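S.K.: next comes the sequence, and after it the predicted model I'd like to discuss.
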Amino acid sequence: MLGRRSTRVLSKIGRDVLADGTRAGGRWESSAIRGCGSRRMMMTTMRSTSKREWIGWGMRVGCVDQRRSWWDHGGMRRNVTRRMCTTAGSFDVDVPHMGESITEATVIEWTKKPGEIVAEDEIICQLETDKVTVDVRAPQAGVMLETLAQEGETVFVGNLLARMSLDTSATAAAAAKPAVAEKSAESATAESIGSDAAGKSEAAPKVEQEAAVGMPVEKKLNLAEAGERRVQMTRMRRRIAERLKDAQNTAAMLTTFNEVDMTALMDLRSEFKDQFLKKHGVKLGFMSAFVKASATALIEQPEVNAIIDGTDIVYRDYVDISVAVSTPTGLVVPVLRGCENMSFAQIEKTINGLGERARTGQLAIEEMQGGTFTISNGGVFGSLLSTPILNMPQSAILGMHIIQKRPVVVNNQIEIRPMMYLALSYDHRLIDGREAVSFLRRIKTLVEDPRRLLLDVEA
């Protein structure tokens with residue numbers, strides 16, 4: 001029996017958990033209450049369809065999760081330790097928190113199978129979100145008992161993902177494998193019986209049809225044999241498609257073009273690339289000049305760096321440039337923060353680091369959030385000219401393209417120069433044509449004479 005004080009404390013901890021197994025806003029399968037002698041420690045075990053939780057009052061219970069929360073009762077602050085556990089000797093692995101806006105993910109691969117021994121912090125599963133691939137790691141060493149989500153299945157944050165044993169001995173691992181083999185055998189038998197029954201049921205109508213017509217039935221064309229196949233879109237590809245279409249439906253997009261003579265920048269790179277690599281440990285590329293030129297132009301043209309929020313215009317006094325990076329799973333745009341204060345070396349190092357992590361799937365969600373302007377370099381794939389689509393809610397995006405030698409007029413003389421087409425797509429709701437053209441011409445001027453970037457002069 002529990003007194004009034006105990007009942008109130010239990011209700012506070014369990015968020016209105018009642019002794020009959022119900023709670024406000026949901027239903028629990030079972031509920032039990034236990035006392036703990038003179039320490040007046042109470043625990044309530046609440047089991048839902050997704051997880052089982054132990055909540056201890058002022059005392060730790062030997063489980064996995066050690067997150068804590070504070071609450072007030074009777075004028076005293078109590079420390080509540082919230083932990084997840086299952087039966088003795090085993091523990092659960094839940095779908096982790098993956099970012100503020102992410103509530104679900106898709107299981108793309110189990111790197112550990114039931115019966116395998118897992119080290120602490122070892123990757124057991126990979127989840128694909130709208131933006132990145134998240135590695136799920138074992139909270140502690142153990143043996144994988146069972147996986148509770150299939151590859152390709154959608155799971156939600158907090159859902160039960162796997163169950164592991166604390167016992168890492170070979171005996172425990174061997175004991176977990178027969179259970180898995182038995183499930184596989186049952187599933188294979190069920191499939192075999194189903195296919196046999198289906199084959200027999202299909203054979204009889206076919207024979208009857210042939211006998212009735214008096215000639216063999218012509219075989220229907222199989223689309224798969226004709227060279228078609230249907231593959232489900234990945235979560236990231238679906239998200240990319242949604243964002244691109246949202247940009248077309250929301251913004252009044254317009255693109256302006258110009259071309260830039262790369263002679264001076266290429267000469268600068270050829271002259272100092274070895275010294276730059278020796279001092280900074282990174283190669284000098286063209287992206288650092290375009291990022292720095294864009295940052296300078298964005299400070300001078302605040303409309304291009306602004307966004308529309310409802311009926312307001314939000315001006316940003318900082319420059320965070322998103323750089324489009326192509327990965328095997330899709331296009332991602334990690335953000336270089338504070339570009340207006342970065343040197344060429346800092347820009348090159350940051351781009352290289354972000355690009356490498358993007359290609360290996362190690363980018364964090366926070367590294368792709370924000371951004372006031374985007375640069376996309378289609379020239380690395382040989383693109384001569386394009387009209388890039390806005391990265392909403394940003395108001396402009398710069399498209400770089402391949403460098404090609406073309407005849408141009410210089411001082412009334414025709415010369416062969418390395419030229420690049422530049423494209424600026426912008427939201428015409430916010431940016432007028434004059435501002436857009438002036439912005440792109442400013443980038444052209446700074447890139448064609450890199451000394452202006454170092455001296456910070458207009459002409």
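M.R.: Okay, I see it.
S.K.: what's the host helix or strand of residue 295 packed up against?
M.R.: Here residue 295 sits within helix 287-300, counting by DSSP states H and E. The criterion is 3 or more CB pairs under 8 Å, 6 or more residues apart in numbering; DSSP states H and E, and the helices and strands that helix 287-300 contacts are strand 321-323, helix 344-359, strand 373-377, strand 396-400, helix 433-448, helix 451-455. Just so you know, the C-beta spots here come from the backbone N, C-alpha and C atoms, and that holds for glycine as well.
S.K.: ok, residue 396 to residue 443 distance?
M.R.: Residue 396 is 11 Å from residue 443, where distance means CB to CB, to the nearest Å.
S.K.: the two - which one has more neighbours?
M.R.: residue 396 (28 against 22; other CB atoms under 10 Å).
S.K.: so the more buried one sits right up against residue 375, yeah?
M.R.: No: here residue 396 lies out of contact with residue 375, judged by CB atoms under 8 Å, at a distance of 10.2 Å.
S.K.: what's the average pLDDT for stretch 256-269?
M.R.: Stretch 256-269 carries an average pLDDT of 96.
S.K.: start and end of that stretch, how far apart?
M.R.: Using CA to CA, to the nearest Å, the end-to-end distance of stretch 256-269 comes to 28 Å.
S.K.: pLDDT weak spots in the stretch 1-150 of the chain?
M.R.: For the stretch 1-150 of the chain, the stretches with pLDDT under 70 are 1-88.
S.K.: quick check: residue 336 vs residue 405, distance?
M.R.: 30 Å.
S.K.: swap in residue 397?
M.R.: With CB to CB as the criterion, residue 397 and residue 405 are 27 Å apart.
S.K.: same drill for these two, tell me which one is more crowded.
M.R.: A side-by-side neighbour count of residue 397 and residue 405, using other CB under 10 Å, places residue 397 first with 25 against 11.
S.K.: backbone phi and psi for residue 145, please?
M.R.: The phi and psi values for residue 145, taken as degrees, to the nearest 10, are phi -90, psi -50.
S.K.: hmm, residue 90 and it touching each other?
M.R.: Yes: using CB under 8 Å, residue 145 is in contact with residue 90, at 6.3 Å.
S.K.: which neighbours do those two share?
M.R.: 163-165 (CB atoms under 8 Å, 6 or more residues apart in numbering).
S.K.: give me the number of residues near the closest residue to residue 233 other than its chain neighbours?
M.R.: Spatial nearest neighbour of residue 233, chain neighbours left out: residue 241 (7.5 Å); criterion: CB to CB, 6 or more residues apart in numbering. Using other CB under 10 Å, residue 241 has 12 other residues around it.
S.K.: pLDDT weak spots in the stretch 151-300 of the chain?
M.R.: Checking the stretch 151-300 of the chain against pLDDT under 70 turns up 168-226.
S.K.: all strands for it, in order.
M.R.: Applying DSSP state E, counting those that start in this stretch to the stretch 151-300 of the chain gives strands spanning 154-156, 160-165, 253-261.
S.K.: most tightly surrounded among these?
M.R.: strand 160-165 (a mean of 22; mean count of other CB atoms under 10 Å).
S.K.: what's it packed up against?
M.R.: When contacts are defined as 3+ CB pairs under 8 Å, 6+ apart, strand 160-165 sits against strand 90-94, strand 123-128, strand 142-147.
S.K.: so which of these is nearest residue 274?
M.R.: When these are compared by CB to CB, strand 123-128 sits nearest residue 274, at 39.6 Å.
S.K.: what sits up against the closest one?
M.R.: Counting by CB under 8 Å, 6+ apart, residues outside strand 123-128 touching it are 93, 95, 98, 105-112, 118, 133-138, 144, 147, 155, 161-162, 234-236, 329.
S.K.: returning to that earlier point: which one's more surrounded, residue 145 and residue 90?
M.R.: Neighbour count, other CB under 10 Å: between residue 145 and residue 90, residue 145 has more, with 24 against 17.
S.K.: so how far is residue 316 from the residue lying closest to that one once chain neighbours are set aside?
M.R.: Spatial nearest neighbour of residue 145, excluding adjacent residues (CB to CB, 6+ apart): residue 163 at 4.6 Å. Distance, residue 163 to residue 316, by CB to CB: 47 Å.
S.K.: neighbours around residue 398, how many?
M.R.: 25.
S.K.: OK, contacts around it?
M.R.: Neighbouring residues of residue 398 by CB under 8 Å, 6+ apart: 290, 294, 373-376, 388, 422-424, 440, 443.
S.K.: need those in CSV (columns: distance to residue 300).
M.R.: As requested, the contacts of residue 398 are arranged in CSV below (distance: CB to CB, whole Å):
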residue, distance to residue 300
290, 16
294, 11
373, 13
374, 18
375, 17
376, 22
388, 21
422, 17
423, 20
424, 14
440, 12
443, 11
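S.K.: what bridges to the nearest residue in space to residue 98 that is not next to it in sequence?
M.R.: In space, and not counting its chain neighbours, residue 98 is closest to residue 134: 5.2 Å by CB to CB, 6+ apart. Beta-bridge partners for residue 134, by DSSP bridges, are residue 127.
S.K.: so which residues of this structure form helices?
M.R.: Secondary structure of the chain (DSSP state H): helices located at 4-13, 170-213, 235-250, 263-280, 287-300, 344-359, 433-448, 451-455.
S.K.: who are the packing partners of the last one?
M.R.: Based on contacts counted as 3+ CB pairs under 8 Å, 6+ apart, the elements that helix 451-455 packs against are helix 287-300, helix 433-448.
S.K.: now it: mean pLDDT?
M.R.: On average, helix 451-455 scores 81.
S.K.: now stretch 309-319
M.R.: Confidence over stretch 309-319 (mean pLDDT, whole number) is 95.
S.K.: list the buried ones in that stretch?
M.R.: Within stretch 309-319, the residues that qualify as buried are residue 319, counting by 16 or more other CB atoms under 10 Å.
S.K.: tabulate the CA atom coordinates of it in CSV.
M.R.: The C-alpha atoms that make up stretch 309-319 are tabulated as CSV, following Å, rounded to 0.1, in the frame of the first residue of the first chain:
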residue,chain,number,x,y,z
ASP,A,309,10.1,35.4,-43.7
GLY,A,310,6.4,35.8,-44.1
THR,A,311,5.8,39.5,-44.7
ASP,A,312,9.3,40.5,-43.3
ILE,A,313,12.7,40.7,-44.8
VAL,A,314,15.5,39.3,-42.5
TYR,A,315,18.9,40.9,-43.2
ARG,A,316,22.0,39.0,-42.0
ASP,A,317,25.1,40.7,-40.9
TYR,A,318,27.2,37.6,-41.3
VAL,A,319,28.0,35.4,-44.3
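S.K.: for that stretch, give me every contacting residue.
M.R.: Applying CB under 8 Å, 6+ apart, the external contacts of stretch 309-319 come out as 294-295, 298-299, 302, 305-308, 337-340, 372-373, 393, 430.
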